[in-house]
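>>> Sharing a model prediction with you, sequence too.
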Amino acid sequence: MTNTIEAIGGGGSGGSNSRSAGGGAGYSKITNLTLTPGASIAYTVGAGGAGVAASPFGNDGADTFFNGASLAASSVGAKGGSKGGPGTASGGAGGLSSGGVGDTKTSGGSGGGQSLFSTGGGGGAGGAAGNGAYGGNSDNSQNRAGGGGGGANGGSPGGNNSGTTGGAGGAGGSGGGSGGTGGTSAGTLAGTAGGNGTNAVGGNAGSGGGGGGAGCIGNQASGADGADGGLYGGGGGGGSAGGSHPGGDGGQGVIVITYTPAAKTPMQGIML
């Protein structure tokens, strides 16, 4: 028989009131794990971080793990992405492969940074094809737009915004969802949600793209919520100023189990 067990953590949410974006979750896989027939298996699927308006910080995404009471004690597990929050340089860190457990491990992309009132895009989740891509940053123009969300699963990074144009979402890699587009200060303030992943190796779930960041008009006169990260594990975009808008939610994690039983050998008949 053969089996593979894959895990993606929960994505981090973006910060509120013009803050940075959440990081995408990490990915881990193990092949041919030996388990005891009939035994109970402990597992945890990491929730995505929830965006909140009451705090400038978002929430971290939770870890996902299988066959253990914690990530460190598990047979396979992946780190969640970190929350976005105050600061202009960068967003929340992606879930690192170094913190995961398994034979194959990749990291999530970091969230984009905020610049004054507009925000960055969320990072994409890692996947079987490679690391998730980082989200795009916002810029310093007066009517700036939110940065685009990072593509997942080894895809291209989210674009930085330019003037009144939102950053483009990064393309998804093999099995990965694309990143969301950043909001614009000259049109729709809200960014778009990160795309859902299509498949993991042998499974039914892939790595989500990061949500787009939100734009802002006229020195905080109005703004929008950050866009949600895609399934599974995409980071949420940052929420803009002008009403304490929450950041986007991070995409939840997932466990995918693929099992192929051993082929049976035909029995030979006995002639008497």
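Happy to help now that I have it.

>>> List the buried residues of the least confident helix or strand in the chain by mean pLDDT.
Each helix and strand of the chain was given a mean pLDDT (mean pLDDT, DSSP states H and E); the minimum falls on strand 254-260 at a mean of 89. Buried residues in strand 254-260, defined by neighbour count with 16 or more other CB atoms under 10 Å: 254-256, 258. (Glycine included, C-beta is placed from N, CA and C.)

>>> same question, stretch 63-82
So, applying 16+ other CB under 10 Å, buried residues of stretch 63-82: 63-68, 71, 74-82.

>>> Phi, psi for residue 97 please.
Phi and psi for residue 97, reported as degrees, to the nearest 10, are phi -60, psi -30.

>>> I am assuming it contacts residue 103, so please confirm or correct that.
No - applying CB atoms under 8 Å as the test, residue 97 and residue 103 come out as separate, 11.6 Å apart.

>>> so where is the stretch 51-200 of the chain shaky, pLDDT-wise?
In the predicted model, the stretch 51-200 of the chain carries pLDDT under 70 at residues 87-89, 115-117, 139-175, 183-188, 199-200.

>>> re the thing from before, who has more neighbours out of residue 97 and residue 103?
residue 97 (19 against 13; other CB atoms under 10 Å).

>>> State the distance from that one to residue 64.
14 Å (CB to CB, to the nearest Å).

>>> same thing with residue 230?
From residue 230 to residue 64 the distance is 16 Å (CB to CB).

>>> Geometrically speaking, which residue is the centre of this structure?
Note on the chain: the residue nearest the mean C-alpha position is residue 234, at 1.9 Å, using CA atoms, centre = their mean.

>>> Show the contacting residues for that residue.
By CB atoms under 8 Å, 6 or more residues apart in numbering, the contact set of residue 234 is 11, 24-25, 122-125, 149, 152, 177, 179, 194, 207-211, 228, 250-251.

>>> now swap in residue 38 and tell me
Applying CB under 8 Å, 6+ apart to residue 38 gives no contacts.

>>> nearest spatial neighbour of residue 91, skipping sequence neighbours?
Among residues not flanking residue 91 along the chain, residue 111 sits closest, at 2.6 Å (CB to CB, 6 or more residues apart in numbering).

>>> quick one: the one you found from residue 130, how far?
Following CB to CB, the distance that separates residue 111 from residue 130 is 18 Å.

>>> Which one of those two is surrounded by more residues?
The residue with more neighbours, out of residue 111 and residue 130, is residue 111; 52 against 18, by other CB under 10 Å.

>>> Now residue 133: which helix or strand?
Using DSSP states H and E, residue 133 sits in no helix or strand.

>>> Number of residues surrounding it?
Residues near residue 133, counting by other CB under 10 Å, number 36.
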